[in-house]
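Trainee: Just a sequence and a predicted model for now, questions to come.
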Amino acid sequence: QVQLVESGGGLVQAGGSLRLSCAASGSIYSINLMGWYRQAPGKQRDMVATVTSGGATNYADSVKGRFTISRDGAKNTVYLQMNSLKPEDTAVYYCYTIVQVTTTRRMRNYWGQGTQVAVSS
């Protein structure tokens, strides 16, 4: 089993910054990808940013130039630096990972429990 523990959410004024962290632990042989998705009330869960084990990043158009994803491979941790936050960034942010599990060496995907980000105008 793999666990994802998120931290860093909160309430911030528009234009402010927050940094989210997500640490993966458990039966991890290797990590293929880590990333962040978000879900606003009444809306679907959408990709925000992802980073592969090779360092390739992908961002939603709505956050390009404002958010930066990074990872620490040694700590199995991914970060999301969010700058110039807007009220429309308000959502529950979920950590996501695709790992090769130790037991079967199969690829599995996992979600974190979510952390609330609220941006006031």
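Mentor: Structure received.

Trainee: Every contact and neighbour count from this point should use C-alpha atoms.
Mentor: Will do.

Trainee: Give the full set of residues in contact with the spatially most central residue of the chain.
Mentor: Closest residue to the average C-alpha location of the chain: Trp36 at 2.5 Å, with Cα atoms, centre = their mean. Listed by Cα atoms under 8 Å, 6 or more residues apart in numbering, the contact set of Trp36 reads Met47, Val48, Ala49, Thr50, Leu80, Tyr93, Tyr94, Cys95, Tyr96.

Trainee: In the host helix or strand of it, which residues are buried?
Mentor: Using DSSP states H and E, Trp36 maps to strand 28-39. Applying a neighbour-count criterion of 16 or more other Cα atoms under 10 Å, the buried positions in strand 28-39 are Ile28, Ser30, Ile31, Asn32, Leu33, Met34, Gly35, Trp36, Tyr37, Arg38, Gln39.

Trainee: want to try JSON lines for these, with distance to Asp89 and pLDDT as columns?
Mentor: Below are the buried residues of strand 28-39 laid out as JSON lines (distance: Cα to Cα, whole Å; pLDDT from 0 to 100):
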{"residue": "Ile28", "distance to Asp89": "31", "pLDDT": "96"}
{"residue": "Ser30", "distance to Asp89": "31", "pLDDT": "95"}
{"residue": "Ile31", "distance to Asp89": "27", "pLDDT": "96"}
{"residue": "Asn32", "distance to Asp89": "27", "pLDDT": "96"}
{"residue": "Leu33", "distance to Asp89": "23", "pLDDT": "97"}
{"residue": "Met34", "distance to Asp89": "20", "pLDDT": "98"}
{"residue": "Gly35", "distance to Asp89": "16", "pLDDT": "98"}
{"residue": "Trp36", "distance to Asp89": "13", "pLDDT": "98"}
{"residue": "Tyr37", "distance to Asp89": "11", "pLDDT": "98"}
{"residue": "Arg38", "distance to Asp89": "9", "pLDDT": "98"}
{"residue": "Gln39", "distance to Asp89": "10", "pLDDT": "98"}
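
Trainee: can you map out the strands along this structure?
Mentor: Per DSSP state E, the chain carries strands over the ranges 2-7, 10-13, 18-26, 28-39, 46-52, 57-59, 67-72, 77-82, 91-101, 107-111, 115-120.
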